[in-house]
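A.B. asks: need a structure here:
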Amino acid sequence: MIAQVVAASRALAAAGQGDMVWGHVAVRDPDGRGVWIKAPGWGLEEVTEDRVQLVSYDGQAATSAKPHVEVHIHLEIMRARPDVACSVHTHAESAVAFAALGTPLLPLSHDGALFGGLDVPRFERTGGLVKTPELGAALSTTLGDAPAALMPRHGLVAAGESIAAAVMHAVLLERACRAQLAAMAAGQVRDHSDAGEARAKQAECWPEAQLEAGYQYLLRKAQRS
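C.D. replies: Below you'll find the model as predicted:
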């Protein structure tokens, strides 16, 4: 689990989702003890095996170091969704900028088709830190069974049945936001997939094998840098 957290963190950094020392990825402990997550104070690209800690479902780290204050994001998603193996929270700039517009996310590209023609969920409860189990549970409810959700005035959250899926869901959401921001800056959006095409592209472009392929590319990119 420790090595997987390191790899996922480096992949997110390679995708440009780092925000100095903020943002994190968590992997479910297979023995039900909680989640594995990076220790506070480190950037995603700085995560090493000795900078990963196990945090229990009551929010306590197995070591003496305090965990991230927003670890409840991951704990409550894992608690609510036994299918989830990994969850991601970052402050991806394009996601933050797009969320501020209050505009539906459209399937302009393969990335946007991840949501099958539906708008992305938005967590409106707070733009502040998700630092309590109550707020974590509310965020988990907003996410539901979607691949990812926007957190206006804050960032994004993503989840997946595999580490590759969770990381790629975060990456694809940010890319979809960035594409729509660029289109809207150039003029009126006139063309995008309809719901039927978006659902077909969701199945065609983003099966687990393709999510894994994208994730492996990000791992290779992280190794090169």
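A.B. asks: how far does the host helix or strand of residue 217 sit from its chain's centre?
C.D. replies: Assigned by DSSP states H and E, residue 217 belongs to helix 208-224. Put simply, helix 208-224 sits 15 Å off its chain's centre (Cα atoms, centre = their mean, to the nearest Å).
A.B. asks: dump the C-alpha coordinates for that helix into PDB.
C.D. replies: Coordinates of each C-alpha in helix 208-224 appear next as PDB, following Å, rounded to 0.1, in the frame of the first residue of the first chain:
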ATOM      1  CA  GLU A 208     -10.500   0.000 -16.900                       C
ATOM      2  CA  ALA A 209      -7.900  -1.000 -19.500                       C
ATOM      3  CA  GLN A 210      -7.700   2.600 -20.900                       C
ATOM      4  CA  LEU A 211      -7.600   4.100 -17.400                       C
ATOM      5  CA  GLU A 212      -4.700   1.800 -16.600                       C
ATOM      6  CA  ALA A 213      -2.900   2.700 -19.800                       C
ATOM      7  CA  GLY A 214      -3.200   6.400 -19.000                       C
ATOM      8  CA  TYR A 215      -2.000   5.800 -15.400                       C
ATOM      9  CA  GLN A 216       1.000   3.900 -16.600                       C
ATOM     10  CA  TYR A 217       1.900   6.700 -18.900                       C
ATOM     11  CA  LEU A 218       1.800   9.200 -15.900                       C
ATOM     12  CA  LEU A 219       4.000   6.800 -13.900                       C
ATOM     13  CA  ARG A 220       6.600   6.700 -16.800                       C
ATOM     14  CA  LYS A 221       6.400  10.500 -17.000                       C
ATOM     15  CA  ALA A 222       7.000  10.900 -13.300                       C
ATOM     16  CA  GLN A 223      10.000   8.600 -13.500                       C
ATOM     17  CA  ARG A 224      11.500  10.600 -16.400                       C
END
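A.B. asks: low-confidence ranges in the chain?
C.D. replies: Within the chain, the ranges that satisfy pLDDT under 70 run 64.
A.B. asks: I'd say residue 130 and residue 73 touch.
C.D. replies: Yes. Residue 130 lies in contact with residue 73 (Cβ atoms under 8 Å); the separation is 5.0 Å. Using the backbone N, CA and C atoms, a C-beta is placed for each residue, glycine as well.
A.B. asks: just the CA atoms of the top helix by length along the chain, as PDB, please.
C.D. replies: As assigned by DSSP state H, the longest helix anywhere in the chain is helix 163-186. Below are the C-alpha coordinates for helix 163-186, written out as PDB (Å, rounded to 0.1, in the frame of the first residue of the first chain):
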ATOM      1  CA  ILE A 163      -5.800   3.300  -8.000                       C
ATOM      2  CA  ALA A 164      -5.500   3.900 -11.700                       C
ATOM      3  CA  ALA A 165      -9.100   4.800 -12.000                       C
ATOM      4  CA  ALA A 166      -9.100   7.200  -9.100                       C
ATOM      5  CA  VAL A 167      -6.000   9.100 -10.400                       C
ATOM      6  CA  MET A 168      -7.300   9.200 -14.000                       C
ATOM      7  CA  HIS A 169     -10.700  10.300 -12.900                       C
ATOM      8  CA  ALA A 170      -9.100  13.300 -11.300                       C
ATOM      9  CA  VAL A 171      -6.900  14.000 -14.300                       C
ATOM     10  CA  LEU A 172      -9.700  13.600 -16.800                       C
ATOM     11  CA  LEU A 173     -12.000  16.000 -14.800                       C
ATOM     12  CA  GLU A 174      -9.300  18.700 -14.800                       C
ATOM     13  CA  ARG A 175      -8.600  18.200 -18.500                       C
ATOM     14  CA  ALA A 176     -12.400  18.500 -19.300                       C
ATOM     15  CA  CYS A 177     -12.600  21.700 -17.300                       C
ATOM     16  CA  ARG A 178      -9.500  23.100 -19.000                       C
ATOM     17  CA  ALA A 179     -10.900  22.300 -22.500                       C
ATOM     18  CA  GLN A 180     -14.200  24.000 -21.800                       C
ATOM     19  CA  LEU A 181     -12.600  27.000 -20.300                       C
ATOM     20  CA  ALA A 182     -10.500  27.400 -23.500                       C
ATOM     21  CA  ALA A 183     -13.600  27.000 -25.700                       C
ATOM     22  CA  MET A 184     -15.600  29.500 -23.700                       C
ATOM     23  CA  ALA A 185     -12.800  32.000 -23.800                       C
ATOM     24  CA  ALA A 186     -12.700  31.800 -27.600                       C
END
